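[1] Sequence plus the predicted model coming up.
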Amino acid sequence: HAFGKNRSKQKFMARESQQELQIKFARRDRALFLVLVNLVFTGLLIAHLLTSSGGYRFELDQVGFEAASFLSVFVMFVAATLIKVSLAERRAVLIGLFALQTGNLLDASTGIFFNAPPVWWWIGDGLTFTGEVILALVVFQFVRLTNDLANRDPLTGLYNRSYHMRALANLLKIRHNNKESVAVIAIDIDHFKHVNDVHGHAFGDLALQAIASAVNGFQSEVNVISRTGGEEFEVIVDQLDEPAVFALADRIRLVIASIDLGENRHLTASLGVALSHVGEALVSLRQRADAAAYKAKNTGRNRVCVAD
């Protein structure tokens, strides 16, 4: 696991993990261009409707709702051109709003223009439905991303402490009902304060990202991998006995120790393993795993200890 070879992967993880909810103004020239395109297309459509229908009438009680919907969606379209939300797909929002706007216009046309063919109404309903579906998908994606963002550690992209505690509590409840155990592997990076003091926090952050990337390679074998503190990580795994969990923890230890941080620099980790007892509380299980990790540190570091 050469640090240089993994640098691109670490940067990718950093970009993914540092994704934030940001709201900022878009470029005004692009926003103006999009609004003008909208107005030109809408104008051409209205002109076509007018010339092909032979005249129009406007009775507010007949088309007031569709007209108001058209105007409100147009205002939303203008706002969407001016504002960029990082976790929302802006192009999809604009397409969905434009489809909805055009659908509202065609729906209103059957009550405004003389001899308006029924197909306009059908097309209008189709565009309205399409726009609503697109916007619903954008909202769903936005909610999914913001929910994922709330559960992730911003530096490493692993799950954060809050999510970790919820996941462990839920898994303990399920396994305890079946009288099965859950294992926690506590990982504490050795001498990490010294790394920050000597090489700086920027290097320390890159080292944490490299470690997270390496440990995340075990995600298919475990339930949850989280960063629970500064240089502390935890792994949750179930349906394994103590020897199997110990072997897994030792493989994680070896992978961490093999990471090349450049200029022959390496880090090691002390790991503690604890398997839950029947009915054991979450706090007790994590305390035993932490105690085992501290025992590993106090007995020479770069090793795995099993809790009593």
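    Done, it's in. Numbers count the residues shown, from 1 in each chain.
[2] in the stretch 51-200 of the chain, which spans are strands?
    Per DSSP state E, counting those that start in this stretch, the stretch 51-200 of the chain carries strands over the ranges 83-85, 182-189.
[3] Name the residues that touch the shortest one?
    If I follow you right, that is strand 83-85. The contact list for strand 83-85 (C-beta atoms under 8 Å, 6 or more residues apart in numbering) reads Leu21, Gln22, Ile23, Lys24, Phe25, Ala26, Arg90, Phe142. Every residue, glycine included, has its C-beta placed from N, CA and C.
[4] mind redoing it with 10 Å?
    The list of residues contacting strand 83-85 from outside it, by C-beta atoms under 10 Å, 6 or more residues apart in numbering, reads Leu21, Gln22, Ile23, Lys24, Phe25, Ala26, Arg27, Ala31, Arg90, Val93, Val138, Phe142.
[5] State the mean pLDDT of it.
    For strand 83-85, mean pLDDT is 82.
[6] Check which residues of it are buried.
    Residues of strand 83-85 classed as buried by neighbour count (16 or more other C-beta atoms under 10 Å): Lys84.
[7] hang on, the earlier thing: so which of the strands of the stretch 51-200 of the chain comes closest to Gln287?
    strand 182-189 (9.7 Å; C-beta to C-beta).
[8] Mind giving me the packing neighbours of that closest one?
    Applying 3 or more C-beta pairs under 10 Å, 6 or more residues apart in numbering; DSSP states H and E, one finds that strand 182-189 makes contact with helix 161-177, helix 201-215, strand 224-227, strand 232-238, helix 242-257, strand 269-275, helix 282-298, strand 304-306.
[9] So what touches the third one?
    What it means is strand 224-227. Identification of contacts with strand 224-227 by C-beta under 10 Å, 6+ apart yields 17, 151-168, 171, 184-185, 187, 208, 211-212, 215-219, 232-237, 252.
[10] if we go to 8 Å?
    Identification of contacts with strand 224-227 by C-beta under 8 Å, 6+ apart yields 153, 155-156, 158-161, 163-164, 167-168, 171, 208, 212, 215-216, 218-219, 233-236.
[11] before we move on, what about the fourth one?
    Contacts made with strand 232-238 from outside it, assessed by C-beta under 8 Å, 6+ apart, are listed as 158, 164, 167-168, 171, 175, 180-189, 211-212, 215, 218, 221-228, 245, 248-249, 252, 286, 289.
[12] Can you select the buried ones from those in ChimeraX?
    This is how ChimeraX selects the buried members of those, with burial counted by 16+ other C-beta under 10 Å:
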select :158,164,167,168,171,175,181,182,183,184,185,186,187,188,189,211,212,215,218,222,224,225,226,227,228,245,248,249,252,286,289
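[13] For the nearest residue to Thr268 once chain neighbours are set aside, give me the backbone phi and psi.
    In this structure, Thr268 finds its nearest non-sequential neighbour in Asn302, 3.8 Å apart by C-beta to C-beta, 6 or more residues apart in numbering. For Asn302, the backbone dihedrals (degrees, to the nearest 10) come out as phi 50, psi 50.
[14] Verify the stated contact: Ala292 with Arg303.
    No. When contacts are counted by C-beta atoms under 8 Å, Ala292 is not listed as touching Arg303 (10.4 Å).
[15] Give me the more crowded residue out of these two.
    The residue with more neighbours, out of Ala292 and Arg303, is Ala292; 23 against 19, by other C-beta atoms under 10 Å.
[16] Same list (the helices and strands packed on strand 182-189) but as JSON lines, adding mean pLDDT and distance to Gly103.
    As requested, the helices and strands packed on strand 182-189 are exported to JSON lines (pLDDT from 0 to 100; distance: least, C-beta to C-beta, whole Å):
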{"stretch": "helix 161-177", "mean pLDDT": "93", "distance to Gly103": "40"}
{"stretch": "helix 201-215", "mean pLDDT": "94", "distance to Gly103": "47"}
{"stretch": "strand 224-227", "mean pLDDT": "96", "distance to Gly103": "44"}
{"stretch": "strand 232-238", "mean pLDDT": "96", "distance to Gly103": "48"}
{"stretch": "helix 242-257", "mean pLDDT": "96", "distance to Gly103": "55"}
{"stretch": "strand 269-275", "mean pLDDT": "97", "distance to Gly103": "58"}
{"stretch": "helix 282-298", "mean pLDDT": "96", "distance to Gly103": "52"}
{"stretch": "strand 304-306", "mean pLDDT": "96", "distance to Gly103": "62"}
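[17] could you redo these as JSON lines and give each row distance to Phe41?
    Output for those, formatted as JSON lines (distance: least, C-beta to C-beta, whole Å):
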{"stretch": "helix 161-177", "distance to Phe41": "45"}
{"stretch": "helix 201-215", "distance to Phe41": "47"}
{"stretch": "strand 224-227", "distance to Phe41": "49"}
{"stretch": "strand 232-238", "distance to Phe41": "54"}
{"stretch": "helix 242-257", "distance to Phe41": "56"}
{"stretch": "strand 269-275", "distance to Phe41": "60"}
{"stretch": "helix 282-298", "distance to Phe41": "58"}
{"stretch": "strand 304-306", "distance to Phe41": "66"}
